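Undergrad: pasted the sequence and its predicted model underneath.
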Amino acid sequence: MVSQEQRKRQLAREKFLRQQQRRTSARRKARMRNSVIASVLGVIVIGSVALYTTGVLKNDDKANASADVTPSASPTSKAPDPCEKADKGSVEKLSWKNEPAVTIDKSAKYTMKLATTCGDIGIAMKTSAAPHTVNSFNFLAGKGFFDHTKCHRLTTNGIYVLQCGDPTGTGSGGPGYTIPDENLKDASLKSNVYPAGTVAMANTGQKHTGGSQFFLVYQDSQLPPSYTPFGTIDAAGMKVLKKIAAAGENTGAGDGAPNATVVINKATVTKS
């Protein structure tokens, strides 16, 4: 026979257990609810980071780009291509082991014409100051080396140049030989500035590593005097360059392939 006092204690114990069960259940539900909330927030955060990272990579995939990126900014529309379709034909795969012998007349005037899809660019060449360079261009143009090649690089931030002369279109191609640096003390190079209208040789950063790649300066550009200046662009050519530059480059970061489809249909060097 259970006494009244024992019955009270039993009822109190059962009540306590029920309370504990309710509290345990409530804590379990709260943990589940918080876990779900955390998971949702995690997905949102991860998604946001992924979108942010994608935006940065899309607008800054060049190691030397210095433009700031604003993830929330709406993407800018690509400017229309101001150039015509390229002439039919393909790039010749030409290569030589040694620099060609200098056969030009060092006392004569030579001009180079780049007939591009964006317009003609005329260049007065500095024959006496850069004979090896002018001779090389005379040789390569005569072999059709530059014909149907793309100008592969446009910079619109820091320096302002269009780079051409690579038959592979990758920035790593050349004629198989190198030529010496020349004319690095040209009077036009003042305070480490290559003035607008200059045509100069590209190189690997080491001395005497010029090949076939060259750049055309469409706006004064701060550069060390390490790149052979061998020509000056005519007024009509500068208008063509400005048109190409206005179309921008494909990364939005200031250094990439030009949006304009710049192809050299034909390069010719003429003695006058």
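TA: That came in fine, so what should we check first?

Undergrad: report how many residues lie close to Ile123.
TA: Residues lying near Ile123 (other Cβ atoms under 10 Å) number 23. All C-beta spots, glycine's among them, are computed from the backbone N, C-alpha and C.

Undergrad: name the helices or strands packed onto the one helix or strand it maps to?
TA: Ile123 is part of strand 119-125, with elements assigned from DSSP states H and E. Identification of packing neighbours for strand 119-125 by 3 or more Cβ pairs under 8 Å, 6 or more residues apart in numbering; DSSP states H and E yields strand 110-116, strand 229-233, helix 235-246.

Undergrad: now the strands for the chain?
TA: 110-116, 119-125, 149-150, 153-155, 161-164, 193-194, 198-201, 214-217, 221-222, 229-233, 255-256, 263-271 (DSSP state E).

Undergrad: how about CSV for these, with mean pLDDT and distance to Thr133 added?
TA: As requested, the strands of the chain are exported to CSV (pLDDT from 0 to 100; distance: least, Cβ to Cβ, whole Å):
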stretch, mean pLDDT, distance to Thr133
strand 110-116, 98, 11
strand 119-125, 98, 8
strand 149-150, 98, 18
strand 153-155, 98, 20
strand 161-164, 98, 15
strand 193-194, 98, 15
strand 198-201, 98, 6
strand 214-217, 98, 9
strand 221-222, 98, 19
strand 229-233, 98, 4
strand 255-256, 97, 25
strand 263-271, 98, 11
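
Undergrad: nearest to Thr209, of the helices and strands packed on strand 119-125?
TA: Taking Cβ to Cβ, strand 229-233 is the member of these nearest to Thr209, at 15.1 Å.

Undergrad: need the CA coordinates for that closest one. CSV is fine.
TA: Extracted in CSV, the C-alpha atoms of strand 229-233 (Å, rounded to 0.1, in the frame of the first residue of the first chain):
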residue,chain,number,x,y,z
PRO,A,229,62.6,53.8,-81.0
PHE,A,230,62.8,53.4,-84.8
GLY,A,231,59.9,55.3,-86.3
THR,A,232,57.3,58.0,-86.1
ILE,A,233,53.6,57.6,-87.0
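
Undergrad: residues in contact with that strand?
TA: Applying Cβ atoms under 8 Å, 6 or more residues apart in numbering, the contact partners of strand 229-233 are 112, 121-126, 129-130, 133-134, 137, 182-184, 186, 188-189, 194, 197-201, 214, 216, 241.

Undergrad: check stretch 88-97 too.
TA: For stretch 88-97, the external contacting residues (Cβ under 8 Å, 6+ apart) are 143-145, 147-149, 167, 175-177, 265.

Undergrad: at 10 Å instead, please
TA: 139-140, 143-150, 166-169, 173-177, 212, 263-266 (Cβ atoms under 10 Å, 6 or more residues apart in numbering).

Undergrad: which of these are buried, as a ChimeraX select command?
TA: Typed into ChimeraX, the next command selects the buried ones out of the contacts of stretch 88-97 (criterion: 16 or more other Cβ atoms under 10 Å):
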select :139,140,145,146,147,148,149,150,166,167,169,173,174,175,212,263,264,265,266
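
Undergrad: next step: the contacts of stretch 88-97 restricted to helices.
TA: 139-140 (DSSP state H).

Undergrad: which stretches of this structure have low pLDDT?
TA: Residue ranges of the chain with pLDDT under 70: 1-78.

Undergrad: tabulate the strands of the chain (JSON lines), appending distance to Val91.
TA: Listed next are the strands of the chain as JSON lines, based on distance: least, Cβ to Cβ, whole Å:
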{"stretch": "strand 110-116", "distance to Val91": "14"}
{"stretch": "strand 119-125", "distance to Val91": "19"}
{"stretch": "strand 149-150", "distance to Val91": "6"}
{"stretch": "strand 153-155", "distance to Val91": "17"}
{"stretch": "strand 161-164", "distance to Val91": "12"}
{"stretch": "strand 193-194", "distance to Val91": "28"}
{"stretch": "strand 198-201", "distance to Val91": "20"}
{"stretch": "strand 214-217", "distance to Val91": "16"}
{"stretch": "strand 221-222", "distance to Val91": "28"}
{"stretch": "strand 229-233", "distance to Val91": "22"}
{"stretch": "strand 255-256", "distance to Val91": "21"}
{"stretch": "strand 263-271", "distance to Val91": "10"}
